[in-house]
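Need a 3D model of the following:
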Amino acid sequence: MISALRSPALAAALAAVLAAAPLAPPVAAAQQAPSEDAVYDIYARFRDDPKMVTEALESGLWRARLPLAALRAEPGAIRLDGAKASEQVSFAIAPQANIQSARLIFRHVSGRAQEGSKPQLRLGLNGRFIAQVDGVTEHAAAVNEIVLDPSILVSGFNTLQIDAVQRYTYGCQDPDAAELWTDIDTSRSFVEVIYARQPFNASLADLSAVITAGVGGVDDLALVTGRGEMTADTLRWGTLASQAVANRLGYTVPRITRADAVTLAATAGKSDLIAIGTPEELAGLAPAALANLKGDSSWLSITPSPADPSRFLIVASGRTPAAIEGAVRALAAGNFPLSDTTSLVLSPDEVPTGNLMARKQTLRSEAKYTLKDLGLANASVLGKEHGTASLTLDLPADVRFRAGSEILLSLDFAYGAGLDDKSVVNILVNDQFQRAIRLTNPDGEVTPGYEIALPAAAFRPGHNSVRFDVELSTGAVGECAARSTRHLAFILKDTSTLTLPSTDQYVELPNLALLSEAGFPYTGAGTQPVAILATDTGSDTAAAVWTLAARLGQIYGTVFTDATFGFGLELPEAHTLIVGTRPDLKGFLPAELSMSDLLSGAAPDGFTRNVATVDLGDNGLLIEGESPRHPGLLVTVLTAETGAQLLASTRALVQPSHWSQLQGGTAVWREHAATMVTQAVRDGFAIGTLPAGEKARMAAGRTPWGWILSIAAVLFALAAALAFIARYMRKRMNEK
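Sure thing, here's the model as predicted:
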């Protein structure tokens, strides 16, 4: 099937991938109560896998437990180093949650060298002091319980501030001594919130306010798509509706299911609902006024769910496919002016048309941006020896900088007097040091337009970060001389600019890292056509399509209005995303191989053929390659053994813990993030064009011996020419 993966050498690759993520063992004949260890995935590389959990309590209350590890992008414990160290952790609370009580469970330990000097931890929430606890220097960690005042918690993001005051004396105090540390166990430290769900009362104009993530937010979403089997239209409308919700949530993807008349009763009570179809198909669920809808008009409404008045029911309806499409587009368009009413009827010329605008944009080549444009306001370091300012920028996935090109920074900054010659600003790109600026004037200086060039090779397609590490140094006399740092000052102004050079459009595929960071090529904003195919019309497969599409659209806030949707395995002339169960791919990836053949690497025709016959067990599989029917186009296959496992694997895949690990051309995973295994693909293909000189340079880089021989040939020719000239000159001199 996928020609890019038809290398016999890659048969062993999938063997290694699946061997590292073993399949589910057979069910034991004798059933027994699961042990405590049974909740862990035995194939995971570590056990800790903290997740946010919400459970129903008595009297209609709910309890949400939010481990600090699940609230941070960085894995592992929080390490607070130095005399004055701090960390912030944020969590969201939706407006639907009426907080009854809350508490913070805090597990921490400090360095033994601070014993007797009373280290302290100061805790604040939303800028208000909540507790002060003693640092613990014993062999074991301590656990503190801090009861939170519910009135401090607000709708939206809440920020927990952790400040450590640490000291010890050994000769004299060193604020950066290695002994000054505190570790906070993020897996066993958590925020617990008990809340009641408030009755839903909002209009269409409030969509972005009520479709929110966090405690009491949209965790479960059920899509009701008419009656009967799925069609290409219902698959499309469900995708747009899922992206409409995910784009408003911003950073989480809800558990998406497809509901019909049979399953609605079981799912409606715990899910927010979106119903899509004709008035007749939605009769009994939608408002009674929908029956009066006429002609080509589109209907959009929001009301409390009939199964749970604390959740919403959104209805997108019309009597024709075009009218339903218009209603779903109005829901998905983030900037569409919806009225402050619970229902809205739109004529055909009022619905949004064309490609809906993405919420985020990548940077353009040969363009200049201010740091303010890139989200970095004036950054100051006052009265401190260390400070950091960071900015992030997204480059197109198919951008390729030319050899030797540079990205120009023009910085407007100033620094105060009294600094010594060790004061610098270090500039790091993607956490790699690139350049430094010395702050050398002892009288201070205001420097506008300080130009510094960064190598473009330090930047990559997709997400990039630029960090300015400010180190301010002042002289000290004597071992323990008191030093004042109040005069230390530095400011980086947001009028500083970043200028990108000209680039080429070129990308080498397969590359799951680009899918993870930039959604490439399934972004909904590209110029090349995209198709999404489901292998069957089942509800689980449809929900898996909607879940994956919600995550891809969320990257840039796009909606797949221009994508082609369908069923089956007939590849169109487009980048194609295929979602389905492994047995349904047999006709697509024919083979007659056993599991032992796969794991031994005995694949006569490349490992994608093996996928069709291997029982994947509890594993999900994501694989990319070049389309065999349309060279230069990508095919991406997401599969699992059964429909239920496909949906479960897709829900796990879109979580940040899994999604951030994607790379290479193949990925296999289970529910635990530590089971993710990826495999590079040796044979790939490229999209885009490069100048002839750049192609030659790339070819030389791939074949260094050819490059060395070419240089040797040039040097040999040059030496021969010089020898000929020398002989000629000696002959002329002898003649004279």
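
So what's the model's average confidence on the helix or strand Asp469 falls within?
Here Asp469 sits within strand 462-471, counting by DSSP states H and E. In this model, strand 462-471 has a mean pLDDT of 94.

Stretch 666-675 now?
Mean predicted confidence for stretch 666-675 is 90.

still on that earlier bit, what's in contact with whatever helix or strand comes next after the strand holding Asp469?
For strand 462-471, the succeeding helix or strand toward the C-terminus, using DSSP H and E, is strand 489-492. By CB atoms under 8 Å, 6 or more residues apart in numbering, the residues outside strand 489-492 that reach it are 371, 376, 378-383, 387, 389, 411-416, 425, 439, 444, 468, 470, 472. Backbone N, C-alpha and C define where each C-beta goes, glycine included.

Buried members of those into PyMOL, please.
To isolate the buried ones among the contacts of strand 489-492 in PyMOL, judged by 16 or more other CB atoms under 10 Å, type:
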select buried, resi 371+376+379+380+381+387+389+411+412+413+414+415+416+425+439+468+470+472
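
circling back to that earlier point, tell me the strands beside the strand holding Asp469, with direction?
Partners of strand 462-471 in the sheet, by DSSP bridges, are strand 386-395 (antiparallel), strand 424-429 (antiparallel).

looking at those, which is buried most?
strand 424-429 (a mean of 19; mean count of other CB atoms under 10 Å).

Rounded mean pLDDT for the helix or strand harbouring Ala102, please.
Element membership for Ala102, per DSSP H and E: strand 97-110. For strand 97-110, the mean pLDDT works out to 94.

and after it, which helix or strand comes next?
strand 120-125.

partners of the very next helix or strand once past that following strand in the sheet?
Going down the chain from strand 120-125, the next helix or strand is strand 128-134, by DSSP H and E. Paired with strand 128-134 in the same sheet, following DSSP bridges, are strand 120-125 (antiparallel).

Quick one: distance of the partner strand to the chain centre.
In terms of CA atoms, centre = their mean, to the nearest Å, the centre of strand 120-125 is set 30 Å apart from its chain centre.

what's the answer for stretch 575-591, then?
26 Å.

Could you number the chain from 26 rather than 1 from now on?
Okay, using 26 as the starting number, the last item reads as stretch 600-616.

That stretch - what's its average pLDDT?
For stretch 600-616, the per-residue pLDDT values average out at 80.

Stretch 706-719 too?
Averaging pLDDT along stretch 706-719 yields 74.

buried residues in it?
Here stretch 706-719 shows Val706, Asp708, Gly709, Phe710, Ile712, Leu715 as buried, counting by 16+ other CB under 10 Å.

Let me see the confidence value for the residue nearest to the fourth one when sequence neighbours are not counted.
It stands for Phe710. Leaving aside its chain neighbours, Phe710 sits nearest to Glu651 (4.6 Å; criterion: CB to CB, 6 or more residues apart in numbering). We have a pLDDT of 89 for Glu651.

Bridge partners for Glu651, pull those for me.
Leu659.

Now for Phe590, how many residues are close by?
Neighbourhood size, Phe590 [other CB atoms under 10 Å]: 22.

what's in contact with whatever helix or strand it lives in?
Counting by DSSP H and E, the element that carries Phe590 is strand 589-592. With contacts defined as CB under 8 Å, 6+ apart, strand 589-592 is touched by 255, 257-258, 260-261, 264, 554-562, 597, 599.

ok, of the residues you listed, which come out buried?
Buried members of these, counted by 16+ other CB under 10 Å: 255, 258, 260-261, 264, 555-561, 597, 599.

Going by distance to Glu431, which of the residues you listed wins?
Of all the buried ones among the contacts of strand 589-592, Val555 has the smallest distance to Glu431: 33.7 Å, by CB to CB.

Hmm, the closest one is touching Leu602, no?
Yes - using CB atoms under 8 Å, Val555 makes contact with Leu602 at a distance of 7.4 Å.

between those two, what contacts are shared?
Both Val555 and Leu602 are in contact with Tyr547, where contact means CB under 8 Å, 6+ apart.

In contact with Ser564, which residues?
Met255, Thr282, Arg283, Asp285, Thr288, Gly668.

gap between it and Ser126?
From Ser564 across to Ser126, the span is 38 Å (CB to CB, to the nearest Å).

Keep only those of the contacts of strand 589-592 that are in strands.
Val555, Ala556, Ile557, Leu558, Ala559 (DSSP state E).

hang on, the earlier thing: and the next helix or strand after the strand holding Phe590, what other elements does it pack with?
Stepping forward along the backbone from strand 589-592, the first helix or strand reached (DSSP H and E) is strand 600-606. The helices and strands touching strand 600-606, judged by 3 or more CB pairs under 8 Å, 6 or more residues apart in numbering; DSSP states H and E, are strand 555-559, helix 564-581, strand 659-665, helix 668-678.

could you check the angle helix 668-678 makes with strand 600-606?
Per axes from the mean of the first three to the mean of the last three CA atoms, to 10 degrees, the angle that strand 600-606 makes with helix 668-678 is 130 degrees.

Would you check that Lys295 makes contact with Asp245?
Yes - using CB under 8 Å, Lys295 is in contact with Asp245, at 5.7 Å.

Can you identify each of the helices in the chain by residue range?
Using DSSP state H, the helices of the chain run over residues 36-45, 93-96, 232-235, 257-274, 289-292, 346-357, 537-543, 564-581, 620-625, 632-636, 668-678, 681-684, 717-727, 729-760.

ranking the ones you listed by mean pLDDT, which is last?
helix 620-625 - the lowest mean pLDDT of the helices of the chain, at a mean of 34.

May I see the strands paired with strand 487-496 organised as CSV, with distance to Leu540 and mean pLDDT added?
Putting these into CSV (distance: least, CB to CB, whole Å; pLDDT from 0 to 100) gives the following:
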stretch, distance to Leu540, mean pLDDT
strand 411-420, 14, 92
strand 449-454, 23, 97
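
Could you export those strands as TSV, including distance to Ala234?
Listed next are these as TSV, based on distance: least, CB to CB, whole Å:
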stretch	distance to Ala234
strand 411-420	26
strand 449-454	37
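
Can you say which of those strands is nearest to Lys518?
strand 411-420 (10.6 Å).

contacting residues around the closest one?
385-388, 394, 396, 399-401, 404-406, 484-497, 515, 517, 523, 543, 581.

what distance separates it from the centre of its chain?
Taking the mean of its C-alpha atoms, strand 411-420 sits 17 Å from the chain's own mean (CA atoms, centre = their mean).
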